[in-house]
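Participant: Please find the sequence and the predicted model below.
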There are 2 protein chains.
Amino acid sequence: MQQKLILITNDDSINSNGISALVHIAKQYGEVVVVAPDKAQSGMGHAITINHPLRLSPSYIFGDIKAFSCSGTPVDCVKLAIYEVLHRKPDLLLSGINHGENTSTNVLYSGTMSAAIEGAMEGIPSIGFSLADYAHDADFTQGSEWISKIIKKVLDSNLPLNTCLNVNIPKLKKQEIKGTRICKQAHAFWSDRFDKRLDQFGNPYYWLTGDFTEVDKREDTDLAVLKEGYISIVPTHFDLTNHAVIGNLKSFNL
Amino acid sequence: MQQKLILITNDDSINSNGISALVHIAKQYGEVVVVAPDKAQSGMGHAITINHPLRLSPSYIFGDIKAFSCSGTPVDCVKLAIYEVLHRKPDLLLSGINHGENTSTNVLYSGTMSAAIEGAMEGIPSIGFSLADYAHDADFTQGSEWISKIIKKVLDSNLPLNTCLNVNIPKLKKQEIKGTRICKQAHAFWSDRFDKRLDQFGNPYYWLTGDFTEVDKREDTDLAVLKEGYISIVPTHFDLTNHAVIGNLKSFNL
């Protein structure tokens, strides 16, 4: 049987610990190729670079694993990987492991998940992995066996078409992780604030900050199951139509 | 009755013809405040700026309309507008009029629509408007009466919570526009290519290009109704869960 081709990207940059952990796990399942941003691209969402050109540079940080750093966004990385590096669609696309969780509405801001969604748009089985730990010394290895199992299952099965998986791993020791739960994106939002300061010329600048505000009381959401000690798995697609309100809206006579 | 507060943003920049046309229409319905990018931000999707600070500068290009240009993305503009300019949520958020259509999966890449989706996340009635004409001399006035009508209806009604409208206007003369249709996001994708060239030092650079590939045969999609000469209106939300496959995925034993 031909070896599986596995594309790996992320949004924390090619130099991050999370992508290194993911490469280490994935290489037992096929030929891994990495195309990842050359700098942090957190919060870039589904951004693509259309107004200026992109650079792609070979990287040797993963030893004998073929790797490139890219000057663009995570979605740029996926597009460049398919069309200029691999010249075909990989059998699997993995994104992450993100440094910090991508639950709830964070999926919209997340470069990690946008790369996986781009994979789904291309018809590639795709998974975004995130670890619910923002600490500098976050331990990406505690969930390794689960990540490994999920990758194997997805390679052996057929994911629903145009649907990727959003996998969040709780900040727990290996033996404390209770298992996995298929669940829904929670409804939550950021109560934003800006840190407003004056620069050396007396002109104001604004730096985004905020508090994550959970409003969802359902028990089958990613936020809820993660808190219970489970790995959350949300089947994620790119149809943003709110189908449930179409009938209602027709009565608006817009 | 207190005057309505209407926030306007876009992704083509504060200097574009489309936002000027939208300001002109909206000002008859309330107090308009503009916070829009200081440069083109097309393709920025739901990106936010978290790794460096933002600037906000007063602009006088709309005469007596309060306006600010912002160094960030369209979603940054929405956040800054609410928390640093208006200090409250507006009664309505309008984004556009985008230069070029935002049908189908383009909604994910679109800064125009991401600004409207951010509005929906904040619980603000929000509408993204796009004109299906990329020409430099695109005429943003032909759909004015329809845009005006939609704005008025949304102000008079209650949009479904956390749902914004994605409105695309066909490239037609006023009298040729057949009306509006509430419809679904079409399934289509970009067949990407990169224009690969060598710079003056012999190093390659890559510039994204591609062809839009329509695969959806349904008649009630934004692409389909737009082609028929209707204004497409898609109720758009931010729950990316593919609810239909949750049961199926549970059987995967991931």
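Facilitator: Cool, got the structure.

Participant: For the stretch 1-150 of chain A, which segments are assigned as helices?
Facilitator: For the stretch 1-150 of chain A, the helices defined by DSSP state H, counting those that start in this stretch occupy A:17-26, A:74-80, A:106-109, A:111-121, A:144-156.

Participant: need those helices in a markdown table with mean neighbour count, can you?
Facilitator: The C-beta positions use only the backbone N, C-alpha and C, and glycine is treated the same way. Conversion of the helices of the stretch 1-150 of chain A to a markdown table gives the following (neighbours: other Cβ atoms under 10 Å in any protein chain shown):
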| stretch | mean neighbour count |
| --- | --- |
| helix A:17-26 | 22 |
| helix A:74-80 | 29 |
| helix A:106-109 | 26 |
| helix A:111-121 | 30 |
| helix A:144-156 | 17 |
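
Participant: With mean pLDDT and distance to chain B as new columns, can those be given to me in a markdown table?
Facilitator: Converted to a markdown table, the helices of the stretch 1-150 of chain A look like this (pLDDT from 0 to 100; distance: least, Cβ to the nearest Cβ, whole Å):
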| stretch | mean pLDDT | distance to chain B |
| --- | --- | --- |
| helix A:17-26 | 98 | 15 |
| helix A:74-80 | 97 | 5 |
| helix A:106-109 | 96 | 5 |
| helix A:111-121 | 97 | 5 |
| helix A:144-156 | 97 | 5 |
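
Participant: what's the residue nearest to A:V75 when sequence neighbours are not counted in contact with, if anything?
Facilitator: Computed as Cβ to Cβ, 6 or more residues apart in numbering or on different chains, the closest residue to A:V75 that is not its neighbour in sequence is A:E118, at 4.7 Å. Applying Cβ atoms under 8 Å, 6 or more residues apart in numbering or on different chains to A:E118 gives the contacts A:46, A:74-75, A:78-79, A:126.

Participant: swap in A:H99?
Facilitator: A:H99 neighbours (Cβ under 8 Å, 6+ apart): A:12, A:16-18, A:131, A:133-134, A:138.

Participant: May I ask which of the residues you listed has the most neighbours?
Facilitator: A:L131 (28 neighbours; other Cβ atoms under 10 Å in any protein chain shown).

Participant: Against A:R193, how distant is that residue?
Facilitator: A:L131 is 26 Å from A:R193, where distance means Cβ to Cβ, to the nearest Å.

Participant: For beta bridges, what are the partners of the nearest residue to A:S57 once chain neighbours are set aside?
Facilitator: Nearest non-adjacent residue to A:S57, counting by Cβ to Cβ, 6+ apart: A:S69, 5.2 Å away. On the basis of DSSP bridges, A:S69 is bridged to A:A36, A:S57.

Participant: so A:S69 touches A:I19, yeah?
Facilitator: No: counting by Cβ atoms under 8 Å, A:S69 does not reach A:I19; the two are 10.8 Å apart.

Participant: any shared contact partners between those two?
Facilitator: A:13, A:36.

Participant: In a helix, A:D192, correct?
Facilitator: No: counting by DSSP: H, G, I helix; E, B strand; the rest coil, A:D192 is not part of a helix but strand.

Participant: Read off the pLDDT value for it.
Facilitator: The score at A:D192 is 86. That number is its pLDDT.

Participant: Keeping just the C-alphas, turn stretch A:223-233 into PDB.
Facilitator: The C-alpha trace of stretch A:223-233 is given here as PDB (Å, rounded to 0.1, in the frame of the first residue of the first chain):
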ATOM      1  CA  LEU A 223     -16.500  24.200  26.300                       C
ATOM      2  CA  ALA A 224     -18.600  21.900  28.500                       C
ATOM      3  CA  VAL A 225     -17.000  18.600  27.700                       C
ATOM      4  CA  LEU A 226     -13.500  20.100  27.900                       C
ATOM      5  CA  LYS A 227     -14.200  21.300  31.500                       C
ATOM      6  CA  GLU A 228     -15.400  17.800  32.300                       C
ATOM      7  CA  GLY A 229     -12.000  16.400  31.400                       C
ATOM      8  CA  TYR A 230     -12.800  15.100  27.900                       C
ATOM      9  CA  ILE A 231     -11.200  15.900  24.500                       C
ATOM     10  CA  SER A 232     -13.700  17.800  22.500                       C
ATOM     11  CA  ILE A 233     -14.300  17.000  18.900                       C
END
